[in-house]
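Engineer: Sequence and predicted structure below; questions after.
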Amino acid sequence: MEIKPIKTEKDYKQALKRLETIFEAKIGSAEGDELEVLGILIDQYENEHFPIGLPDPIEAIKFRMEQMGYNQNDLANIVGLKSRASEILNRKRKLSLEMIRQLHERLNIPTDVLIQTY
């Protein structure tokens, strides 16, 4: 087992190929340990070279509503009024600090997603 830092695209591709080979390794085995360390190195390389930005706040609200089976009336119960919910979903009204707090608490959407400009 030769594990080294992933510094180049070539290193990254080799690491992915090796990961595929040992993917079914048993936990606690030598290959299992290699798999764990390799996964950490690949994750670090991907986070550094292929960062994923935060989602759009309104799209995050819509996505979470869909996940929870919520409709516009349910959103209205969180933000106050049905017309306000409609304006938010149609990007005609910005989220207030209190709305952000409520959406975070009730829909479990991270505040750092909700405070972004849109």
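Structural biologist: Sure thing, it's come through.

Engineer: now the residue positioned nearest the centre of the chain: how far from residue 113?
Structural biologist: Per C-alpha atoms, centre = their mean, the C-alpha nearest to the average position across the chain is that of residue 54, at 7.2 Å. Look at residue 54 and residue 113: by C-beta to C-beta, to the nearest Å, they are 5 Å apart. Where you see a C-beta, it was placed from the backbone N, CA and C, and this is true even at glycine.

Engineer: got the domain boundaries for this structure?
Structural biologist: The record's domain parsing of the chain by automatic domain parsing lists 9-49, 57-114.

Engineer: how about the residue nearest to the centre of the chain, secondary structure?
Structural biologist: coil (DSSP: H, G, I helix; E, B strand; the rest coil).

Engineer: Tell me who's in contact with it.
Structural biologist: Contact analysis of residue 54 by C-beta atoms under 8 Å, 6 or more residues apart in numbering lists 112, 113, 116.

Engineer: so residue 108 touches residue 67, yeah?
Structural biologist: No. Using C-beta atoms under 8 Å, residue 108 is not in contact with residue 67; the gap is 9.9 Å.

Engineer: so what does the helix ranked longest in the chain touch, helix or strand wise?
Structural biologist: Criterion DSSP state H: the longest helix present in the chain is helix 30-49. Judged by 3 or more C-beta pairs under 8 Å, 6 or more residues apart in numbering; DSSP states H and E, helix 30-49 is in contact with helix 9-21.

Engineer: dump the residue contacts of residue 104.
Structural biologist: 110, 111, 114.

Engineer: what about it, helix or strand, and which?
Structural biologist: Using DSSP states H and E, the element containing residue 104 is helix 97-107.

Engineer: and that helix, which residues are buried?
Structural biologist: 99, 100, 102, 103, 104, 106, 107 (16 or more other C-beta atoms under 10 Å).

Engineer: I'd like the average pLDDT over it.
Structural biologist: When pLDDT is averaged along helix 97-107, the result is 96.

Engineer: Just tell me which of the domains of the chain ends up closest to residue 3.
Structural biologist: Taking C-beta to C-beta, domain 9-49 is the member of these nearest to residue 3, at 5.4 Å.

Engineer: If you average the pLDDT over that closest one, what comes out?
Structural biologist: Per-residue scores along domain 9-49 average to 94.
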